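Undergrad: show me the folded form of this:
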Amino acid sequence: MPQVVSGELAIDRKGRMRIPFTDLAVRPPEERLGDFEESFLPLTPEEARLAAERCIHCPDPAPCFEACPANNDIPSAMWLIEEGDFIGAAEVYRMTSSLPEICGRVCPHEALCQGSCVRNKRGEPVLTGALEAFVTDYQRQHATVDVPVGASTGKNVAVVGSGPSGLSVAEQLVQAGHAVTVFEAAPSPGGLLVYGIPNFKLSKQVVSARIDDLRRAGVTFTTSTRIGKDMTIDQLLQGGFDAVYVGVGSGVDATMDVPGADLPGLYKATDFLVQANVDLALLPHDRRFRPEVGKRVAVIGGGDTASDCLRSALRMGAEEVTCLYRRTEAEMPGGKKDRELARQEGAKYRFLTQPIRYIAGPDGKVSAVECLQCELGEPDDSGRRRPVPIEGSNFTVLADTVILALGYWPDPMIGETTPNLETKKWGLIVAEPETGATSRPGVYAGGDAVTGPDLVVTAMRAGRRAAAAIQEYLSAG
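TA: Coordinates of the predicted model:
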């Protein structure tokens, strides 16, 4: 570790401020459009060390540390990286994060650690996200990544859902010596990480490697089993499990009730993304085919999922892909970097646009979207200005494929099949924020099933917090 002088690092901050910024290298758009491989090129060791040297090591608590939902010790990791101790830096991340190789890729760093970097005041921030991905990849390539296993406690825990929240619970509880079985409705574990995020943002190999870590540690994965349908929470508790964690996410696509919503050629975002970019062998038998994509594609919505759909449609051969969003770009919830990549690849955006009807062509399939022009009114409950349609401003956008990326609702099945499990609006499970404890003793919940759609890192954090509470519950039992 660096020398400490008067409570601060003995470093030349002015000298570090003069180190030039080098952005991440990205594959050319024409190359990216030819496959679903990751868009950004990995850092080299030399690039990583230079990028880390730009960190000026702010006095504790550093803004990047405070902005990270996992409270990763980013300054210490930066120091180790510039010293060339990449594996040591990876271990720093693994102390507070169960999925650092994934969060380093998919977190909206510009809104979290990188966005809080004080270097933003005079230029570009430290590339904290890319460096997190680099060191965890380096560790996997040059060393072993093992999940330590605690002495057996004889306790059994069921984890419902194998997305970021469920994987994090499993990773923590197996270290405490508990036997963990993860139940997943899909044919393969990974949840959102496999079935929701396209390969060009997160390689499936990265996810499968982390799942393999857990398998080697003794975690059992039971797939193609939907809790609430194939088996209930009560049956799990009566069948030998001492505690249950529910991390089923929020994966039911929101819909738009307008005329023509049942026309052929309309897709829900999840169905489209899953069938577009997931290995067909990992899909249910009745869905092992690619979606049909026409020449003109309209994607409705403004979040990260909308960007994923735009970019996936372009890779599947669409000639013209347009995002229709009812507010302006300033109100868009999705990441700016994803929109930049989408634009580079040919996607277009139409703002202040409210679809009101889908129009069928002579073949009975969707051929156009009728829209109204909008203007922004007063802020709504989300704090964003409300879009107000302008009467008589009707216009049409030609589209032979329409993808609805309007957001997600939780699946109410767990709440409906679990007596005395308290739920609230849209079927979200009521749980204590710090512990994940629900109204049912021994049943815990976290992630998007509790909060609604949120970040991978916040779901991961919820899983780790719940694991600590489950450990306390089992120890007292």
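Undergrad: buried residues in the top helix by length along the chain?
TA: Ranked by residue count under DSSP state H, the longest helix found in the chain is helix 456-476. Within helix 456-476, the residues scored as buried using 16 or more other C-beta atoms under 10 Å are 456-471, 473-474. For every residue, glycine as well, the C-beta is placed using N, CA and C.
Undergrad: ditto for stretch 76-90
TA: Buried, per 16+ other C-beta under 10 Å, within stretch 76-90: 76, 77, 78, 79, 80, 81, 82, 86, 87, 88, 89, 90.
Undergrad: stretch 30-45 now?
TA: 32, 33, 36, 38, 39, 40, 43.
Undergrad: just give me how far that stretch sits from the chain centre.
TA: What separates the centre of stretch 30-45 from the centre of its chain is 19 Å, taken as C-alpha atoms, centre = their mean, to the nearest Å.
Undergrad: who's in contact with that stretch?
TA: By C-beta atoms under 8 Å, 6 or more residues apart in numbering, the residues outside stretch 30-45 that reach it are 24-27, 51, 84, 86, 105, 127, 130-131, 133-134, 137-138, 198-203, 277, 312, 314-315, 341, 345-346.
Undergrad: can you select the buried ones among the residues you listed for me in PyMOL?
TA: Selection of buried members from the contacts of stretch 30-45 for PyMOL, criterion 16+ other C-beta under 10 Å:
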select buried, resi 24+26+27+51+86+105+127+130+131+133+134+137+138+198+199+200+201+202+203+277+312+314+315+341+345+346
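Undergrad: among the buried residues of stretch 76-90, which lie within helices?
TA: Per DSSP H, the buried residues of stretch 76-90 map to helices at 76, 77, 78, 79, 80, 81, 82, 86, 87, 88, 89, 90.
Undergrad: from these, pick the one nearest residue 153.
TA: Using C-beta to C-beta, residue 90 comes nearest to residue 153 of these, at 28.2 Å.
Undergrad: quick one, what contacts that closest one?
TA: 100, 135, 136, 138, 139.
Undergrad: ok, residue 70 next?
TA: Residue 70 makes contact with 96, 97, 103, 457, 460, 461, according to C-beta under 8 Å, 6+ apart.
Undergrad: mind putting those residues into a markdown table with distance to residue 320 and pLDDT?
TA: Output for the contacts of residue 70, formatted as a markdown table (distance: C-beta to C-beta, whole Å; pLDDT from 0 to 100):
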| residue | distance to residue 320 | pLDDT |
| --- | --- | --- |
| 96 | 44 | 98 |
| 97 | 40 | 98 |
| 103 | 34 | 98 |
| 457 | 35 | 98 |
| 460 | 37 | 98 |
| 461 | 40 | 98 |
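Undergrad: which other helices and strands contact the helix or strand where residue 205 lies?
TA: If you go by DSSP states H and E, residue 205 is part of helix 204-216. In this structure, helix 204-216 packs against helix 100-106, helix 164-175, helix 192-195, strand 220-222, with contacts taken as 3 or more C-beta pairs under 8 Å, 6 or more residues apart in numbering; DSSP states H and E.
Undergrad: which positions in the very next helix or strand once past the first one come out as buried?
TA: Note on helix 100-106: by DSSP H and E, the next helix or strand toward the C-terminus is helix 113-116. Using 16+ other C-beta under 10 Å as the test for burial, helix 113-116 gives 113, 114, 116.
Undergrad: torsion angles phi and psi at residue 25?
TA: The phi/psi pair for residue 25 (degrees, to the nearest 10) reads phi -80, psi 140.
Undergrad: now it, nearest residue through space, not along the chain?
TA: residue 41 (4.2 Å; C-beta to C-beta, 6 or more residues apart in numbering).
Undergrad: try residue 242
TA: The spatial neighbour of residue 242 that comes closest, neighbours along the chain excluded (C-beta to C-beta, 6+ apart), is residue 155 at 4.8 Å.
Undergrad: any idea how many residues pack against that neighbour?
TA: Neighbour count for residue 155, taken as other C-beta atoms under 10 Å: 20.
Undergrad: from now on call the first residue 484
TA: New numbering, starting at 484: the last item is residue 638.
Undergrad: OK, contacts around it?
TA: Taking C-beta under 8 Å, 6+ apart as the contact definition, residue 638 lies against 660, 661, 662, 725, 726, 957, 960.
Undergrad: let me know the pLDDT of the fourth one.
TA: Here, the pLDDT recorded for residue 725 equals 98.
Undergrad: do I have it right that it meets residue 925?
TA: Yes. The pair formed by residue 725 and residue 925 meets the contact definition of C-beta atoms under 8 Å, at 6.9 Å.
Undergrad: on that earlier part again, can I get the contacts of residue 573 in CSV with secondary structure?
TA: Converted to CSV, these look like this (DSSP: H, G, I helix; E, B strand; the rest coil):
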residue, secondary structure
583, helix
618, helix
619, helix
621, helix
622, helix
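Undergrad: go through those and say which is closest to residue 814.
TA: Of all the contacts of residue 573, residue 814 sits closest to residue 583, with 31.0 Å by C-beta to C-beta.
Undergrad: ok, for residue 711, nearest residue in space, not its chain neighbours?
TA: Of all residues not flanking residue 711 in the chain, residue 896 sits nearest, at 3.7 Å (C-beta to C-beta, 6+ apart).
Undergrad: okay, now that neighbour: neighbour count?
TA: The local packing of residue 896 (other C-beta under 10 Å) involves 17 other residues.
Undergrad: let me see the contact set for it.
TA: With contacts defined as C-beta under 8 Å, 6+ apart, residue 896 is in contact with 709, 711, 712.
Undergrad: low-confidence ranges in this protein?
TA: Within the chain, the stretches with pLDDT under 70 are 484-493.
Undergrad: in which helix or strand does the closest residue in space to residue 565 that isn't next to it in sequence reside?
TA: Leaving aside its sequence neighbours, residue 565 sits nearest to residue 535 (C-beta to C-beta, 6+ apart; 4.2 Å). According to DSSP H and E, residue 535 maps onto helix 528-536.
Undergrad: what do you get for residue 616?
TA: Using DSSP H and E, residue 616 falls in helix 611-625.
Undergrad: could you dump that helix to CSV, C-alpha only?
TA: Output of helix 611-625 as CSV, limited to C-alpha atoms (Å, rounded to 0.1, in the frame of the first residue of the first chain):
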residue,chain,number,x,y,z
THR,A,611,-13.3,2.8,-13.0
GLY,A,612,-15.8,0.5,-14.6
ALA,A,613,-13.5,-0.7,-17.4
LEU,A,614,-10.7,-1.2,-14.8
GLU,A,615,-13.0,-3.3,-12.6
ALA,A,616,-13.7,-5.5,-15.6
PHE,A,617,-10.1,-5.7,-16.6
VAL,A,618,-8.7,-6.9,-13.3
THR,A,619,-11.4,-9.5,-12.8
ASP,A,620,-10.9,-10.8,-16.3
TYR,A,621,-7.1,-10.8,-15.7
GLN,A,622,-7.5,-12.8,-12.5
ARG,A,623,-9.6,-15.4,-14.3
GLN,A,624,-7.0,-15.7,-17.1
HIS,A,625,-3.9,-15.9,-14.9
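Undergrad: alright, calling it a day.
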